[in-house]
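K.L.:
Only the shape, not the letters, is given here:
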């Protein structure tokens, strides 16, 4: 079925629909990853967004049962150049289109994704209407003008109640604040000996403290970090109690908890090849990224936070730390899924801080006994 894209600037592109054939108004963004469309589709950080895939062929390896980043994908739409509905992959159990249809995710193929990506780079991320081919430009623009983006994305994708990882008890108890957390983060922590308790985004600091964590993790998630003031207040109250590690939205929340500011980028960072420099070691790592907002560098001067990483493409802040409080965060995704794992050592750094604290407590306990 023929479908149509209408952008705020009046651009109209037509193509063929796949997945769910629903009309939607979304924020249009692009991702430059060559592989990993299943992980992108199931990453909660893409809630309410229409993602343009710059790699031209999508769907050719199907969908594998073990590669989802959440059980219920909440991405708005996929925009691709060529969609393949006959995947060739021994791990594939379903087609991409089938999964998108099940979860109400719209798709459109046959689009000049190079032209569309250049438009986003030039004019920035903005609202787009994915609709039937018969919708007029005037009617489409009216719908775009009337649309008010929701501010409850984190509440919609976070877990409703706390839950724990299964398996043998780990040496380290990590409480993860779920703002839309990818499952590969949980896998990385459990593989390194952590027992993880995942709590909803609006869990109080008192409730988290009562769980007696060895470390606190703040997850990735969708939307503007200032839309979750409850989480910011919780993190502010937890600072200094035990080690804190934040990723993506969690990075922005940690910065806001210390009194820094955030701002929206023109078109964000989304892909698996963003070069980031570690200012502590001088090393450069290729990173996986997916975010619209960044931490304001100037605002950090009035906080105890130190910049630890920078993006070599545009100089934006990619990492911060407060050594005194054993708190640190990065804007990118060291757990990958998809993308490189150059920065997976950051999970090891988190573990080493918790191990050091546990050893100190054990030594104090021995001396007192």
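P.N.:
Great, that's in hand. These numbers come from a predicted model, not from an experiment.
K.L.:
which element is the nearest residue to residue 205 once chain neighbours are set aside on?
P.N.:
Using C-beta to C-beta, 6 or more residues apart in numbering and skipping the chain neighbours, the partner closest in space to residue 205 is residue 237 (3.6 Å). All C-beta atoms are positioned from the backbone trio N, CA, C, and that covers glycine. Counting by DSSP states H and E, the element that carries residue 237 is helix 229-238.
K.L.:
List of residues touching that helix?
P.N.:
Applying C-beta atoms under 8 Å, 6 or more residues apart in numbering, the contact partners of helix 229-238 are 154, 177, 179, 201-205, 208-209, 216, 218, 225-226, 244, 253-254, 256-258.
K.L.:
Against residue 275, how distant is the closest residue in space to residue 285 that isn't next to it in sequence?
P.N.:
Leaving aside its chain neighbours, residue 285 sits nearest to residue 342 (3.8 Å; criterion: C-beta to C-beta, 6+ apart). Distance, residue 342 to residue 275, using C-beta to C-beta, to the nearest Å: 10 Å.
K.L.:
Which one of those two is surrounded by more residues?
P.N.:
Ranked by neighbour count (other C-beta atoms under 10 Å), residue 342 and residue 275 place residue 342 first, with 18 against 14.
K.L.:
confidence score at that one?
P.N.:
On the pLDDT scale, residue 342 is placed at 91.
K.L.:
Pull the contacting residues for it.
P.N.:
Applying C-beta under 8 Å, 6+ apart, we find residue 342 in contact with 285-287.
K.L.:
Over to residue 295?
P.N.:
By C-beta under 8 Å, 6+ apart, residue 295 lies in contact with 251-252, 255, 260-262, 316-317, 320, 331.
K.L.:
Residue 14 too?
P.N.:
2-5, 110, 133.
K.L.:
Residue 264 falls within a strand, correct?
P.N.:
Yes - the assignment for residue 264 (DSSP: H, G, I helix; E, B strand; the rest coil) places it in a strand.
K.L.:
my read: it touches residue 296, true?
P.N.:
No - applying C-beta atoms under 8 Å as the test, residue 264 and residue 296 come out as separate, 10.9 Å apart.
K.L.:
How is this structure divided into domains?
P.N.:
2-149, 154-361 (automatic domain parsing).
K.L.:
Any chance of TSV for these, columns distance to residue 367?
P.N.:
Converted to TSV, these look like this (distance: least, C-beta to C-beta, whole Å):
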stretch	distance to residue 367
domain 2-149	45
domain 154-361	11
